[in-house]
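Fold the following and give me the result.
(one chain, ligands or ions: 1)
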Amino acid sequence: MEQPTYKSGFISIIGRPNVGKSTFINQVVGQKIAIMSDKPQTTRNKIQGVYTADDAQMIFIDTPGIHKPKHKLGDFMVKSATDTLKEVDLILFMVNAEEKRGRGDEYIIELLKHVRTPVFLVINKIDLVHPDDLLAFIEQYKDLYPFREVVPISALGGNNVSRLLDTIKAYLPEGPQYYPADQVTDHPERFIISELIREKALQLTREEVPHSIAVVIEKMEREENKDVIHVMATIVVERPSQKGIIIGRQGSMLKEIGKRARADIENLLGSQVYLELWVKVQKDWRNKISQLRDFGFREDEY
Ligand SMILES: Nc1nc2c(ncn2[C@@H]2O[C@H](COP(=O)(O)OP(=O)(O)OP(=O)(O)O)[C@@H](O)[C@H]2O)c(=O)[nH]1
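Numbering: from 1, shown residues only. Next up, the predicted model:
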């Protein structure tokens, strides 16, 4: 029997401070997401939340450098922000229905003109305005940028949010479920763990597997009646030859990666760890997400 199409993608939410980005994320993915955002992140793009449904997964990411138009941004920040916007599948430009268009909005629109990613205009806080005023509000933006969709919502009350999710889904490409459904809610450590494994793999294989590996934590469970945490992770590579390198002669490389990573993970979790590593080939993995460094991997910064 044919599987129904699964869709997934990365969505950047941009907008001036206070327009309701966090409120929207919380409405979509639930309260526990805050756990993720509290973790200090050194990487460029911060995952704000992951929404997983039966037929789709949406990964919402923050794009630093977009929200601070008041400050003079270095070229690097602007470039890295626009680079991210080019890589995502969709951009939600969120505005506050109660506020007039401002310089901050215009700054963002200028950046949007440099990318081809589809952009929705999401008008939030519609609970605060009269429906008749919405049309005039939209007029302010209409001619500035060819938004693919204009969706009014109330992030706080949840009004029209499910319609927005349906519309987002329509724009997402077919793709894998990048994260287990529970990942972001329960185990923020997973990100760090996947980074540790990835680091060891890169250290040990040197230039032989450049950038193109990712690590997905499939499972993290305390074994019953034992003081051992079972971590199952998959190292994803792009080519069969890379798989060979990662596994090594008679599995020696994979064993060494596992040994070193396990020591670090035990340190992190303060518990004994049983680390089970798998290697999988998945083409085009890197193309899709090379810029989205928080996906448990990142490009080298230099
Ligand atoms: N009435 C109303 N208030 C909202 C709505 N969405 C967000 N708010 C309020 O707007 C304020 C700002 O919301 P946040 O979600 O923190 O905004 P943000 O865009 O994440 O802000 P930054 O993190 O500063 O960029 C909060 O007081 C929210 O409760 C909405 O749909 N209706």
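
Which positions in this structure make contact with the ligand?
Counting by C-beta under 6 Å from any ligand atom, the residues of the chain close to the ligand are 15, 17-23, 67, 124-125, 127-128, 154-156. Glycine gets a C-beta too; all of them are placed from N, C-alpha and C.

where does the stretch 151-300 of the chain have low pLDDT?
For the stretch 151-300 of the chain, the stretches flagged by pLDDT under 70 are 180-188, 210-212, 284-300.

can you pull out the strands in it?
214-222, 228-237, 272-281 (DSSP state E, counting those that start in this stretch).

The first one pairs with which strands?
As defined by DSSP bridges, the strand partners of strand 214-222 come to strand 228-237 (antiparallel).

who touches the partner strand?
Here strand 228-237 makes contact (C-beta atoms under 8 Å, 6 or more residues apart in numbering) with 193-194, 197-198, 201, 209, 212-223, 243, 246, 257, 265, 269, 271-282, 285.

And the helices in the stretch 1-150 of the chain?
21-29, 34-38, 75-87, 103-112, 131-142 (DSSP state H, counting those that start in this stretch).

okay, the residue of the chain most remote from its centre: pLDDT?
Within the chain, the residue lying farthest from the chain centre (C-alpha atoms, centre = their mean) is residue 132, at 35.8 Å. In the predicted model, residue 132 carries a pLDDT score of 90.

If you count neighbours, what's buried in stretch 235-246?
235, 236, 237, 238, 242, 243, 245, 246 (16 or more other C-beta atoms under 10 Å).

just to revisit the earlier point, hey, which of the strands of the stretch 151-300 of the chain is tucked in deepest?
Mean neighbour count, computed with mean count of other C-beta atoms under 10 Å, is highest for strand 228-237 among the strands of the stretch 151-300 of the chain, reaching a mean of 21.

now it against strand 272-281, angle please.
20 degrees (axes from the mean of the first three to the mean of the last three C-alpha atoms, to 10 degrees).

how far does strand 228-237 sit from the chain's center?
Remark: strand 228-237 is offset 20 Å from the chain centroid, using C-alpha atoms, centre = their mean, to the nearest Å.

Same check on stretch 261-277?
25 Å.

quick revisit: can you list the strands of the stretch 151-300 of the chain in TSV and add distance to residue 112?
Shown next, in TSV, are these (distance: least, C-beta to C-beta, whole Å):
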stretch	distance to residue 112
strand 214-222	28
strand 228-237	31
strand 272-281	36
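
on that earlier part again, would you check which pair of the residues of the chain next to the ligand lies furthest apart?
67 and 127 (23.1 Å; C-beta to C-beta).

Just the CA trace of stretch 257-265, in CSV.
Extracted in CSV, the C-alpha atoms of stretch 257-265 (Å, rounded to 0.1, in the frame of the first residue of the first chain):
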residue,chain,number,x,y,z
ILE,A,257,33.2,7.4,17.7
GLY,A,258,30.9,5.7,20.0
LYS,A,259,33.5,5.3,22.7
ARG,A,260,34.5,8.9,22.7
ALA,A,261,31.0,10.2,22.4
ARG,A,262,29.7,8.0,25.2
ALA,A,263,32.3,9.4,27.6
ASP,A,264,31.1,12.9,26.9
ILE,A,265,27.4,12.0,27.1
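
Show me which residues of it are buried.
So, applying 16+ other C-beta under 10 Å, buried residues of stretch 257-265: 257, 258, 260, 261, 262, 264, 265.

can you tell me which of those residues are in helices?
Using DSSP state H, the members of these that fall in helices are 257, 258, 260, 261, 262, 264, 265.

Please identify which of the residues you listed is nearest to residue 29.
Nearest member of those to residue 29, counting by C-beta to C-beta, is residue 265, at 25.9 Å.

Show me what the residue nearest to residue 179 when sequence neighbours are not counted bridges to in the sheet.
Spatial nearest neighbour of residue 179, excluding adjacent residues (C-beta to C-beta, 6 or more residues apart in numbering): residue 50 at 5.2 Å. On the basis of DSSP bridges, residue 50 is bridged to residue 59.

Of the residues of the chain next to the ligand, just the buried ones, PyMOL syntax please.
In PyMOL, this line selects whichever of the residues of the chain next to the ligand come out buried by 16+ other C-beta under 10 Å:
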select buried, resi 15+19+20+21+22+23+67+124+125+154+155+156
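
Show me which of the residues of the chain next to the ligand has the smallest pLDDT value.
For the residues of the chain next to the ligand, the pLDDT minimum is residue 67, 62.

How about the residue nearest to residue 246 when sequence neighbours are not counted: which residues does it bridge to?
If the residues on either side of it in the chain are set aside, residue 246 comes closest to residue 279, at 5.1 Å by C-beta to C-beta, 6+ apart. Here residue 279 sits in beta bridges with residue 235, as judged by DSSP bridges.
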